[in-house]
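Undergrad: Predicted model and sequence below, questions to follow.
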Number of protein chains: 2
Amino acid sequence: MSSGLSAVSIPVFVRMLGNLSTMLDRAVVDAEARKFEPSVLLESRLYPDMFPLRRQVQLACDFAKGASARLAGVPVPAFADDETTVPQLKERIAKVIAFCQSMAPADVDAGAEREVSIKLRDKTVTMSGTAYLNEMAMPNFWFHVATAYGILRHNGVPLGKRDFVGP
Amino acid sequence: MSSGLSAVSIPVFVRMLGNLSTMLDRAVVDAEARKFEPSVLLESRLYPDMFPLRRQVQLACDFAKGASARLAGVPVPAFADDETTVPQLKERIAKVIAFCQSMAPADVDAGAEREVSIKLRDKTVTMSGTAYLNEMAMPNFWFHVATAYGILRHNGVPLGKRDFVGP
């Protein structure tokens, strides 16, 4: 087994996206039990100028596929961002999990020293793959997964930290 | 620079705990401007059976010091968990940052293959250092930092994702 970046990135994306997919299933079951549309949850936010659950899930996917691709040195797959239902979001998650799993560990490991360039609003930032993973990809990935959980919990979906962390 | 576990754990704990400390400063400024006690924020939760902000900060600290110590193979420092104010929480954060920074990178790297045993409620789980970092320490660490941010945002403290991610 690799002891490089691939060992602390790919399995984390795969695991947490799987947990997120399961949490969405739980949200649907809860919405049906409480007799409202799951779309109510998908459009819920923790604060008016924060993204709704739907966008949190899309962005968690984006940082997982972006990080996997950039570290491995392959093009980042582009998605249409047009999901509006839980089944569509779960399909996006499944596609990203499969993409992450298709990365060659040695390529991802080699990304540690390779320079990664990211276009931000007003500039392009260049950094090592390790710095990119630590300071950009992971903080954003975890942010969106944890905020998705927070939105579901805040709306009363019966989840616990074990659902977030995984088995 | 190490390319092992130390490179993707210690700097992440140090960076994110620093961001958390700054967010607490911002919360105090905001509470003063809106004329309520910062303790109102420290006791706020996203849902009744979730921990309040105060405990989220304590637990983010605990997973950072726990992971650093267990990977490096040194005893985990025990804290009293008696903080009730922002200055006290910031002092806890500063102590944990200093502790994380005191770990020898080579010791943390060696933790990848070492077995780590964690006592849970009803059993003891043993796993490799890498699995412990990926499946227990990191998910919990990020969960508590992101939930702290979510509580502050939900209460209207003017923060953005850039405050969470860092500069």
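TA: Thanks, I have it.
Undergrad: which ones are touching A:Glu32?
TA: When contacts are counted by Cβ atoms under 8 Å, 6 or more residues apart in numbering or on different chains, A:Glu32 touches A:Pro38. (C-beta placed from N, C-alpha, C; glycine too.)
Undergrad: how much space between it and A:Gly150?
TA: Counting by Cβ to Cβ, to the nearest Å, the gap from A:Glu32 to A:Gly150 is 22 Å.
Undergrad: Could you pull out the helices in chain A for me?
TA: Taking DSSP state H to define them, one finds helices in chain A at A:10-33, A:38-42, A:53-72, A:86-101, A:105-110, A:129-132, A:138-154, A:161-165.
Undergrad: which parts of the fourth one are buried?
TA: Of all the residues in helix A:86-101, those buried under the rule 16 or more other Cβ atoms under 10 Å in any protein chain shown are A:Val86, A:Leu89, A:Lys90, A:Arg92, A:Ile93, A:Val96, A:Ile97, A:Phe99, A:Cys100.
Undergrad: Where does the prediction get shaky in chain A?
TA: A:1-2 (pLDDT under 70).
Undergrad: tell me which parts of it are close to chain B?
TA: A:1, A:3-5, A:7-8, A:11-12, A:15-16, A:46-47, A:50, A:112-113, A:130, A:133-136, A:138-140, A:142-143, A:145-147, A:149-150, A:153-154, A:156, A:161, A:164-166 (Cβ under 8 Å from any Cβ of the partner chain).
Undergrad: Now, of the residues you listed, which are buried?
TA: Applying 16+ other Cβ under 10 Å to the residues of chain A next to chain B flags A:3-5, A:7-8, A:11-12, A:15-16, A:46, A:50, A:112, A:130, A:133-136, A:138-140, A:142-143, A:145-147, A:149-150, A:153-154, A:161, A:164-165 as buried.
Undergrad: Residue most distant from the centroid, chain A?
TA: Ranked by distance from the centre of chain A (Cα atoms, centre = their mean), the top residue is A:Lys35, with 28.1 Å.
Undergrad: now the buried residues of helix A:86-101 in JSON lines, with distance to A:Ser117?
TA: Shown next, in JSON lines, are the buried residues of helix A:86-101 (distance: Cβ to Cβ, whole Å):
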{"residue": "A:Val86", "distance to A:Ser117": "35"}
{"residue": "A:Leu89", "distance to A:Ser117": "29"}
{"residue": "A:Lys90", "distance to A:Ser117": "32"}
{"residue": "A:Arg92", "distance to A:Ser117": "25"}
{"residue": "A:Ile93", "distance to A:Ser117": "27"}
{"residue": "A:Val96", "distance to A:Ser117": "22"}
{"residue": "A:Ile97", "distance to A:Ser117": "26"}
{"residue": "A:Phe99", "distance to A:Ser117": "20"}
{"residue": "A:Cys100", "distance to A:Ser117": "21"}
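Undergrad: Looking at the residues you listed, which is nearest chain B?
TA: A:Cys100 (13.4 Å; Cβ to the nearest Cβ).
Undergrad: Show the contacting residues for that closest one.
TA: Counting by Cβ under 8 Å, 6+ apart, A:Cys100 touches A:Ile10, A:Phe13, A:Val14, A:Leu17, A:Ala64, A:Lys65, A:Ser68.
Undergrad: same thing but at 6 Å, please
TA: A:Ile10, A:Phe13, A:Val14, A:Ala64, A:Ser68 (Cβ atoms under 6 Å, 6 or more residues apart in numbering or on different chains).
Undergrad: which residue packs closest to the fourth one, ignoring adjacent ones?
TA: If I follow you right, that is A:Ala64. The shortest distance from A:Ala64 to any non-neighbouring residue, by Cβ to Cβ, 6 or more residues apart in numbering or on different chains, is to A:Phe13 (3.9 Å).
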